[in-house]
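Asks: got a predicted structure here, sequence first:
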Amino acid sequence: MKGFRRIALSLVLAVSLLVGSALPLVAANPTVSITVTAELVAITNSEDTWGIGAVVVDDVKYFSVDNVQDDDYSQITNTGSVTVDVAIQGTDLTGTPNWTLAATTAADQYTLFANKQATPTVYDVEVKSSAEYNDITAAAGLAVDGTNDWSMNFTAPSSFGGTEDGNEKSGTVTLVASKH
């Protein structure tokens, strides 16, 4: 019986050592839960084309259905997950000859101005063709799911370049959103 006690005691001691040594392994491997939220900057715009049509020298046209002043013709919607600022940039108009986007009209130079929602009847945001974008949202930015009504006005050059200037011209306006 003494031999059996020794064996039983040895087994109990061995099991105790195994269980005791397994516990520190579990405690040495804690986990860390990770949560993250992506900040998505995204916008949509209700209008994607503007067919101005034929113009004469110094002609002024508005971004609207009938080329008349409509201060809230187009609508930007913040479809992202953070408040954004929206900026605008244009391009020169390509054709023969090209028309340059400028701050004032001149020979073969046209202007393009946008309005902010905060100033709907004032077209005071110059649309530039350089690397500079100008903001068209209110100072507080555009909140998630928020909308910004806006429009543009176009002024034709003060003189046209030549006899071949009857050609159609085209360009683009780009809206860029950035986190406010």
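Replies: All right, it came through fine. Residues are numbered from 1 along each chain as shown.
Asks: ranges for the strands of this protein?
Replies: 43-45, 60-62, 74-78, 84-90, 100-101, 109-114, 125-126, 134-135, 147-150, 152-155, 173-179 (DSSP state E).
Asks: for the second one, name the packing helices and strands.
Replies: By that I understand strand 60-62. strand 152-155 (3 or more CB pairs under 8 Å, 6 or more residues apart in numbering; DSSP states H and E). In this view, the C-beta of every residue, glycine as well, is placed from N, C-alpha and C.
Asks: before we move on, what about the first one?
Replies: Contact partners of strand 43-45 among helices and strands, from 3+ CB pairs under 8 Å, 6+ apart: strand 74-78, strand 173-179.
Asks: out of those strands, which gets nearest to Thr147?
Replies: Nearest of these to Thr147, taken as CB to CB: strand 74-78 at 5.1 Å.
Asks: buried residues in that closest one?
Replies: Under the neighbour-count criterion of 16 or more other CB atoms under 10 Å, strand 74-78 has 74, 76, 78 buried.
Asks: now the angle between strand 173-179 and it, please.
Replies: Orientation of strand 74-78 against strand 173-179 (axes from the mean of the first three to the mean of the last three CA atoms, to 10 degrees) gives an angle of 30 degrees.
Asks: quick one, strand 74-78 and strand 109-114 angle?
Replies: Using the same axes, to 10 degrees: strand 74-78 against strand 109-114 is 60 degrees.
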